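**Student:** what's the 3D shape of this:
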Amino acid sequence: MTTSTLRAGLRHQLTTAMRERDRVAANALRSVLAALDNAEAVPVSADLPVDSDHVAGAVVGLGAGESARRELTDADERRVVEREIAEMHAEADDAERRGAADRADELRRAAAVVSGAAEV
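**Tutor:** Model (predicted):
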């Protein structure tokens with residue numbers, strides 16, 4: 001995993017939010033950082049030799065089941081962050097339609113925090 005300028009900024013804002021005990025900001029930033037980590041995951045491939053008699057679907061051999069994580073470009077990272085912000089706005093709209101104005105406000109604030117931290 002590489003540390004990009006975007007991730008470094010998000011982590012810095014997360015530290016600040018935790019220090020200030022800002023639960024909404026900290027949760028939003030953790031969520032976006034996790035989405036970035038998940039975007040680096042490689043798809044599970046079926047071409048690994050499965051030959052363990054003890055564990056179903058296990059591969060045998062030191063490091064046999066390991067693979068390198070994907071490298072995201074700056075543009076890829078921006079798309080992930082923008083998608084997360086859009087999801088927060090969509091959830092906020094949905095919460096507002098259901099009459100949960102407090103939750104909608106919280107989600108909009110979370111989206112604003114991430115937008116500001118990522119300068120999107």
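
**Student:** pLDDT score for the most centrally placed residue in the chain?
**Tutor:** Centroid check for the chain by C-alpha atoms, centre = their mean gives Ala35 as the closest residue, at 1.5 Å. Confidence at Ala35, expressed as pLDDT, is 97.

**Student:** please apply the same query to Ser45.
**Tutor:** Looking at Ser45, its pLDDT is 64.

**Student:** any regions of the chain where pLDDT drops low?
**Tutor:** Scanning the chain for pLDDT under 70 picks out the ranges 1-2, 44-66, 120.

**Student:** one more time with 90
**Tutor:** In the prediction, the chain carries residues with pLDDT under 90 at positions 1-4, 41-71, 118-120.

**Student:** residue boundaries of the strands in it?
**Tutor:** Assignment of strands within the chain using DSSP state E yields no ranges at all.

**Student:** so where's the longest helix in it?
**Tutor:** helix 74-97 (DSSP state H).

**Student:** who's in contact with that one?
**Tutor:** For helix 74-97, contacts defined as C-beta atoms under 8 Å, 6 or more residues apart in numbering pick out 4-7, 28, 31-32, 35-36, 39, 72, 101, 103-105, 107-108, 110-111, 114-115, 118, 120. Placement of C-beta: from N, CA and C, glycine included.

**Student:** still on that earlier bit, ok, now which ones touch the residue nearest to the centre of the chain?
**Tutor:** Shown here is Ala35, whose contacts under the criterion C-beta under 8 Å, 6+ apart are Val80, Val81, Arg83, Glu84.
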